[in-house]
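Trainee: Provide a 3D model corresponding to the input given below.
(one chain, ligands or ions: 2)
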Amino acid sequence: MPERPAPAGAPAPLEGSVDLPRIEAAVREILLAVGEDPERDGLQGTPSRVARAYEEAFQGLREDPAELMSTTFDIGHEELVLVRDVPFYSMCEHHLVPFFGHAHIGYIPSPEGKVTGLSKLARLVDIFAKRPQVQEQLTTQVVDALVEHLAPGGAMVVVEAEHLCMSMRGVSKPGARTITSAVRGQLRDAATRAEAMSLMLHGRPH
Ligand SMILES: Nc1nc2c(ncn2[C@@H]2O[C@H](COP(=O)(O)OP(=O)(O)OP(=O)(O)O)[C@@H](O)[C@H]2O)c(=O)[nH]1
Ligand SMILES: [Zn+2]
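Mentor: Ligands and ions are numbered 1, 2, ... in the order given. Have a look, this model is predicted:
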């Protein structure tokens, strides 16, 4: 069987801050291009508001998962740890409109590995969500960061999301949800994976 290629991994965190004046100038251009008047009352503050909103939406580009995952505990737990229903908002890199939903993150600590705080698992989702993204890559970046920083026996991430680029434009299918999963190590075993998946999705509203 051919070897799976090594995951490309997430790019290193960017240095420096977002160029707010550059975003403001670009937003002004967009307003002009659609035929609006950027000087009219309601729009005067819009370029700077959009610049600050983008700064927030893409703050994950400047955050370091290694630093986040450096808080670890010495707990002798080698069974599944699962945080489910973590809400997230991301930006589709094809259209720069939001996609949003929930992530479920599970891992099995190993004797050689580490256990981190539960909130760090949720923060890890945000670091990768707050970037120009596609859902599949968000899913694999989170699971690969777990593997890299916690050296678990296994790890699994499931992401369920609605993409506004499919709801409010284009194919116009509001309510369609995309589910992606990525599994590593012991959680690839069919029974363990099925148990984790049923815990992740059990009782979820439709
Ligand atoms: N695989 C994947 N596709 C995505 C994601 N977000 C958006 N897309 C899709 O990216 C595709 C881009 O297709 P294009 O044909 O280049 O763009 P478009 O003309 O705007 O396409 P339509 O959305 O079909 O109108 C669309 O099919 C989107 O639904 C994602 O997270 N993962
Ligand atoms: Zn899109």
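
Trainee: Residue 118: neighbour count?
Mentor: Residue 118: 13 surrounding residues under other C-beta atoms under 10 Å. Glycine gets a C-beta too; all of them are placed from N, C-alpha and C.

Trainee: ok, longest helix in the chain?
Mentor: In the chain, assigned by DSSP state H, the helix with the most residues is helix 135-150.

Trainee: That one near ligand 2 at all?
Mentor: No - Helix 135-150 is not in contact with ligand 2 by C-beta under 5 Å from the ion; minimum separation 9.8 Å.

Trainee: same deal with stretch 84-102?
Mentor: Yes - counting by C-beta under 5 Å from the ion, ligand 2 has neighbours in stretch 84-102: 92, 94, 95.

Trainee: Could you name the specific helix or strand carrying the residue in the chain positioned nearest to ligand 2?
Mentor: Relative to ligand 2, the nearest point of the chain is residue 165 (2.8 Å; C-beta to the ion). Element membership for residue 165 (DSSP states H and E) is helix 164-167.

Trainee: residues in contact with that helix?
Mentor: 92, 94, 95, 97, 98, 99, 100, 172, 173, 174, 175, 176 (C-beta atoms under 8 Å, 6 or more residues apart in numbering).

Trainee: Closest to residue 46 out of the residues of stretch 84-102 next to ligand 2?
Mentor: Nearest to residue 46 among the residues of stretch 84-102 next to ligand 2 is residue 95, at 19.5 Å by C-beta to C-beta.

Trainee: what's the burial count for that closest one?
Mentor: Every residue meeting other C-beta under 10 Å relative to residue 95 is counted, giving 15.
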